[in-house]
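Enquirer: Just a sequence and a predicted model for now, questions to come.
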Amino acid sequence: MATTFVLVRHGETDWNRERRFQGHADPPLNETGRAQARELAHALAGDSFAIAYSSPLQRSYETAEIVAGQLGLDVLASSGLMEVDVGSWSGLTTTEAEARFPDGFRRWQANGSGWTDGETYDELGRRVVAELFELAAKHPEERVLAVTHGGPMRSVLAAAAGLPYESSRSEIAFIENCAIVQVAVRDGSIEAVD
């Protein structure tokens, strides 16, 4: 008895293009991101879902609305699917973060959380996985579309692989805009689905 989640990363924003830390900041999709969402909607057109959930951040929610609109689904906001809170690094490029927070930047490069005023990757992972378990309990044996962010998706893949959340950035490949990852949640565990 498994719930299948089709996890989708949001489309591109200008901040993605500029390589800025977004976290809980709320930049919108750019035109490329909207086009990516339309392409994704086309790719999923033959698929069937019981419901769609999205991070409430507009880059995810707008992606979800574009995709779900084509699939005839409503979108429900789920704060548990939000990106990691990067605290004072929000809006900074990697170059700016390194210049302002050199010690933190070294921690971040070593796969830790460089910021001290946001969430750790462990906190992110525990939040996102708990949210998937809650959603799975509401939708047993159903197929659920969940539009989220790269950090949450890597956390879910880390859980499926039995890896610590803190190592998800080093062990799991970067997730492109509008990429899809499928997992099954059953009996308190998460499994990757091909």
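Expert: Arrived safely.
Enquirer: In three-state terms, label the residue nearest to Thr3 when sequence neighbours are not counted for me.
Expert: Once flanking residues are discounted, Thr3 sits nearest to Ala136: 3.9 Å by C-beta to C-beta, 6 or more residues apart in numbering. The way it works is simple: take the backbone N, C-alpha and C, and place the C-beta from them, glycine included. What DSSP: H, G, I helix; E, B strand; the rest coil gives for Ala136 is helix.
Enquirer: now swap in Ala192 and tell me
Expert: Once three-state DSSP is applied, Ala192 turns out strand.
Enquirer: re the thing from before, which residues are in contact with the residue nearest to Thr3?
Expert: By C-beta atoms under 8 Å, 6 or more residues apart in numbering, the contact set of Ala136 is Thr3, Phe5, Val144, Val185, Arg186.
Enquirer: quick one: the last one and Thr3 touch, right?
Expert: Read it as Arg186. Yes. Between Arg186 and Thr3 there is a contact at 7.4 Å, judged by C-beta atoms under 8 Å.
Enquirer: Compare those two (neighbour count), which wins?
Expert: Each of Arg186 and Thr3 has its neighbours counted (other C-beta atoms under 10 Å); Thr3 has more, 21 against 14.
Enquirer: so what's that one bridging to?
Expert: Val185 (DSSP bridges).
Enquirer: so where's the protein uncertain?
Expert: Applying pLDDT under 70 to the chain flags no residue at all.
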